[in-house]
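1. Fold the following.
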Amino acid sequence: MTHKLSDIAAALGAEVFGAAGLLINAVSEPATAGPNDLALAMDEKYAQDLHSGQARAAMLWPGADWKALGLEAAIAAPRPRFALSGLSAMMDHGQGFPEGIHPSANIHPDARVGRGCSIGAFSIVSAGATLGAGTVIGPQCFVGVNATLGDMCFLREQVSIGARVTIGDRFIAQPGVRIGGDGFSYVTPEKSAVETVRETLGERGDISDQSWARIHSLGAVTIGDDVEIGANSCVDCGTIRDTRIGNGVKIDNLVQIGHNVTVGNDCMICAQCGIAGSSRLGNNVVLGGHTGVSDNVFIGDRAITGGATVVLSNIPAGRVMLGYPAVKMETQLELHKAQRRLPRLFRDVAALKSKVFKDADTD
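-> Numbering: from 1, shown residues only. Alright, predicted model coming up:
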């Protein structure tokens with residue numbers, strides 16, 4: 001995988017300086033770069049490490065003095081980190097899954113497999129399933145009955161796609177993703193203690209012990225185009241209607257999306273988030289790591305939550321939230337500052353009480 005530096009710059013819309021014909025085999029951090037690596041020194045603070053490596057070329061920030069850094073050539077883009085997106089795609093060696101169907105794979109005669117697909121060892125494609133052109137099914141994957149995957153999808157190892165799940169084009173699932181498990185939905189014959197606590201905000205009442213009856217998931221999951229889901233994340237089926245994930249959504253590792261949830265377009269959901277049943281996210285919502293979203297909550301377009309936020313009520317569009325329970329970030333920071341001042345306040349109050357009582361005894 002060798003590219004001329006000039007070709008890399010042209011593909012990224014970047015400007016090239018110096019020896020544009022240098023051949024680049026890989027990208028590297030500045031301190032460990034070899035003579036045929038493109039060192040990533042996209043910020044001035046990383047450039048000092050170039051002298052520790054052997055790089056002849058680097059990706060730099062706009063306006064950098066590449067000659068003073070001892071380089072033979074450089075490329076610079078207006079937004080270097082965005083250029084890194086394209087560069088990393090050019091240099092990605094992939095997982096090495098070959099085109100074609102592995103002899104150990106089990107493909108049902110009624111499944112439809114598009115041209116140019118790759119189906120790995122010990123994978124199963126069930127009856128009525130459809131795989132779009134160029135889709136890659138890694139080893140030990142499962143695609144359920146009547147499931148549909150669009151063109152150029154990529155399932156890493158041990159991914160499960162349940163029955164009747166519909167997925168658009170260019171879907172990426174990291175190892176261990178589970179799409180289309182049943183929702184976590186149970187009910188008791190009479191009103192449960194949980195329902196009473198929700199209504200009374202803490203008062204349990206005299207509720208007898210009861211067993212849980214299972215509500216089956218009759219819906220499935222619908223996922224749009226250009227969605228990526230991280231390792232060991234799960235998306236549950238809807239109870240009656242489908243759970244829905246919009247176009248361009250990016251989901252990190254270890255995320256749980258419950259039944260009937262609707263996620264709008266271009267949302268980002270970071271690691272260890274949990275979204276409870278029937279909640280709705282608008283477009284371009286960002287949930288920081290370990291955010292918890294209660295059931296039947298609506299989060300408006302472009303809202304952002306900080307790490308470990310717990311959302312118990314609706315969030316309006318554009319709001320930035322933090323804390324448990326979630327409040328506006330600036331409010332949470334003020335609360336935190338006030339909390340840190342409490343010990344000093346208690347000491348001051350104790351000192352004042354002591355003085356008042358001492359003065360009273362003197363009188």
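
2. Just confirm A350 is within a helix.
-> Yes. A350: assigned to a helix according to DSSP: H, G, I helix; E, B strand; the rest coil.

3. What's the per-residue pLDDT of it here?
-> Turning to A350, the model gives it a pLDDT of 89.

4. if I look at it, how far off is A31?
-> Distance of A350 to A31, computed by Cβ to Cβ, to the nearest Å: 55 Å. In short, each C-beta sits where N, CA and C put it, glycine included.

5. And for D65?
-> For D65 relative to A31 (Cβ to Cβ), the value is 19 Å.

6. Neighbour count for these two, which is higher?
-> A31 (15 against 10; other Cβ atoms under 10 Å).

7. so that one sits in a strand?
-> No. Under three-state DSSP, A31 sits outside any strand and is assigned helix.

8. Do you know the pLDDT at it?
-> 96.

9. go on, Q158?
-> At Q158, pLDDT is 98.

10. for D361, same thing?
-> If you check D361, the pLDDT there is 68.

11. in the stretch 51-200 of the chain, which spans are helices?
-> For the stretch 51-200 of the chain, the helices defined by DSSP state H, counting those that start in this stretch cover 80-91, 193-200.

12. what's the burial count for F154?
-> Counted by other Cβ under 10 Å, the residues lying close to F154 total 21.

13. again with L333
-> 14.

14. For it, grab phi and psi.
-> Backbone torsions for L333, taken as degrees, to the nearest 10, come to phi -70, psi -40.

15. ok, and the closest non-adjacent residue to it?
-> Nearest residue to L333, sequence neighbours excluded (Cβ to Cβ, 6 or more residues apart in numbering): L322, at 7.5 Å.

16. From what I see, that neighbour and I304 are in contact.
-> No. With contact defined as Cβ atoms under 8 Å, L322 does not count as touching I304 (9.2 Å).

17. Which one's more surrounded, these two?
-> Under the neighbour definition other Cβ under 10 Å, L322 and I304 were set side by side, and L322 has more, 23 against 20.

18. which residues does the more buried one bridge with?
-> V327 (DSSP bridges).

19. Check the separation of the first and last residues in stretch 317-326.
-> Using Cα to Cα, to the nearest Å, the gap from the first to the last residue of stretch 317-326 comes to 14 Å.

20. in it, what's buried?
-> Neighbour-count burial for stretch 317-326, counted by 16 or more other Cβ atoms under 10 Å, picks out R319, V320, M321, L322, G323, A326.

21. Redo the residues you listed as TSV? Include pLDDT.
-> Output for these, formatted as TSV (pLDDT from 0 to 100):
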residue	pLDDT
R319	98
V320	98
M321	98
L322	96
G323	95
A326	96
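
22. could I get those as CSV with distance to A77?
-> Formatted as CSV, the buried residues of stretch 317-326 follow (distance: Cβ to Cβ, whole Å):
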residue, distance to A77
R319, 33
V320, 29
M321, 33
L322, 33
G323, 37
A326, 37
